[in-house]
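Chemist: sequence and predicted model, in that order:
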2 protein chains.
Amino acid sequence: MALEHAILVSLQEKPGSGYELARRFERSIGYFWTASHQHIYRVLKRMESDGWVDVRDVPQYGRPDKKEYSVAEPGRDALSAWLHEPTEPESVRHDLAVKIRGAAYGNPAALISEVERHRQTHTDRLAHYLAGEARDFGEHPAADGPLDAERELQHVVLRGGVAYERMMIAWLDDVLATLAGFNTGH
Amino acid sequence: MALEHAILVSLQEKPGSGYELARRFERSIGYFWTASHQHIYRVLKRMESDGWVDVRDVPQYGRPDKKEYSVAEPGRDALSAWLHEPTEPESVRHDLAVKIRGAAYGNPAALISEVERHRQTHTDRLAHYLAGEARDFGEHPAADGPLDAERELQHVVLRGGVAYERMMIAWLDDVLATLAGFNTGH
DNA sequence: AGTCACATGTAAAGGGTTACATGATTAG
DNA sequence: CTAATCATGTAACCCTTTACATGTGACT
């Protein structure tokens, strides 16, 4: 897949500017598809020239004007076509796993701080996800949130993020225990 | 990171040809870093001209001759430098999660077969990993296998793969239950 | 005057996939 | 003769990152 489908999904949920999309890719949708603002602007240009999105100039007071993008008919079609076409599971890219195997010929203990750093990132993310879950899907959901299908689908994706972070933390603990074994000469 | 470090790790474990590397990337190291043969040959060329690897022509009988690559001193240095330099956790790319959120405006039930297909892939991979674990890290390990640190590090990486597949299967069951909820109108 | 949030881009390089291409040898 | 495994590559294209670049308006 490419960024364009993630953008279509986001714009379908709510139209917005390139800048706003970039902010959404730092949270929410960015939990499972990352993108920088440069990349977003570039793809948005192509999508516009392909007719997938409509643009509207929005003058603003107290801040720079912006362009608001929304999904056009051909964009909806492209999204629908992609949803119906089978996709293979993404190819895995775990640099930390490569490092761990590579450490065998160096000093495995040197990796400990790196692994701990990653563990910290994952615990932070987990806390962030859980806070978002309590806010948006708890007993007192935000009054302006989406309803029904959209809401439940967003929730199940978020639960996937939570499960992923929990698994990573548990595995990194396993890695740390293994690395500690070399230190003490076990 | 890039492919070259994964290749260095693999060649450090055992020298081999581009073809052999491509096969390793279909199993073992490919469980957490995928690469096609075209890509491998291209990167190998660059690594050779950078002096990271040595090449040796190996004439063979009964099959085409091959080039055997092994890690050279500068390659070992580059690998060591990379191992000591911090790396951020890889950016996530879960197309299925994007699809699930995108399904809200189409027909969520149309995704069921796609999710089931992914679930099947993950159960296959899990079975494959567990078979490899029993073979290489069970009570009767292969006699020619690696020892000590290398072996334990390979095992902990494999356990990560197992944990990942198990988490994915559980999450996809959660997704299927959620999608089923729309079918029955709940 | 400086910093921050908002807002939009371009250019160059790097990383990776897909399509195309060739050829040897073994087994059926 | 055909298919499979072994073996190596090129070319074009696409996706993404990094570096560079500009400018508004609010607040301190």
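Modeler: It's in.
Chemist: how about residues contacting stretch A:117-126?
Modeler: Applying C-beta atoms under 8 Å, 6 or more residues apart in numbering or on different chains, the set of residues contacting stretch A:117-126 from outside is A:31, A:96, A:161-162, A:165-166, A:168-169, A:172-173, A:176, B:86, B:88-89. To be clear about C-beta, it is placed using only N, CA and C from the backbone, and glycine gets the same treatment.
Chemist: of all those residues, which two lie farthest apart?
Modeler: A:Val162 and B:Pro86 (25.5 Å; C-beta to C-beta).
Chemist: coming back round to it: for DNA strand D, state which of the contacts of stretch A:117-126 is nearest.
Modeler: Nearest to DNA strand D, judged by C-beta to the nearest atom of the strand, of the contacts of stretch A:117-126 is B:Glu88 at 8.4 Å.
Chemist: that closest one belongs to a strand, doesn't it?
Modeler: No. Using DSSP: H, G, I helix; E, B strand; the rest coil, the assignment for B:Glu88 is coil, not a strand.
Chemist: I'd like to know how far it sits from A:Arg42.
Modeler: For B:Glu88, the distance to A:Arg42 equals 22 Å [C-beta to C-beta, to the nearest Å].
Chemist: and the two? Which one has more around it.
Modeler: A:Arg42 (13 against 9; other C-beta atoms under 10 Å in any protein chain shown).
Chemist: what helix or strand is the more buried one located in?
Modeler: helix A:37-49 (DSSP states H and E).
Chemist: quick one, the next helix or strand after that helix and helix A:37-49 angle?
Modeler: Once helix A:37-49 ends, the next helix or strand along the chain (criterion: DSSP H and E) is strand A:53-58. Angular relation of strand A:53-58 and helix A:37-49 on a 0 to 180 degree scale: 110 degrees, by axes from the mean of the first three to the mean of the last three C-alpha atoms, to 10 degrees.
Chemist: got the buried residues for strand A:53-58?
Modeler: Buried residues in strand A:53-58, counting neighbours by 16 or more other C-beta atoms under 10 Å in any protein chain shown, are found at A:Val53.
Chemist: please name the nearest non-neighbouring residue to A:Phe170.
Modeler: For the record, residue A:170 is Ala, not Phe. Leaving aside its chain neighbours, A:Ala170 sits nearest to B:Ala163 (6.7 Å; criterion: C-beta to C-beta, 6 or more residues apart in numbering or on different chains).
Chemist: so what's the one you found up against?
Modeler: A:167, A:170-171.
Chemist: just the endpoints, please. Distance across stretch A:87-95?
Modeler: 23 Å (C-alpha to C-alpha, to the nearest Å).
Chemist: and that stretch, is it in reach of DNA strand C?
Modeler: Yes. Stretch A:87-95 is in contact with DNA strand C by C-beta under 7 Å from any atom of the strand, via A:91, A:93.
Chemist: and if you look at stretch A:19-37?
Modeler: Yes. Shown here: stretch A:19-37 in contact with DNA strand C (C-beta under 7 Å from any atom of the strand) through A:19-20, A:22-23, A:37.
Chemist: care to break chain A down by domain?
Modeler: Annotated domains of chain A cover A:3-84, A:95-183 [automatic domain parsing].
Chemist: which positions in chain A make contact with DNA strand C?
Modeler: Proximity of chain A to DNA strand C (C-beta under 7 Å from any atom of the strand) is limited to residues A:17-20, A:22-23, A:37-38, A:41-42, A:44-45, A:60, A:63-67, A:91, A:93.
Chemist: Produce a ChimeraX select command limited to the buried residues of those residues.
Modeler: Selection of buried members from the residues of chain A next to DNA strand C for ChimeraX, criterion 16+ other C-beta under 10 Å:
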select /A:17,18,20,22,44,66,93
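Chemist: please list the residues of chain A that sit near DNA strand D.
Modeler: A:2-3, A:34-36, A:38-39, A:42, A:61-64.
Chemist: try it again with 10 Å
Modeler: Residues of chain A lying near DNA strand D by C-beta under 10 Å from any atom of the strand: A:1-7, A:19, A:25, A:33-43, A:46, A:59-66, A:90.
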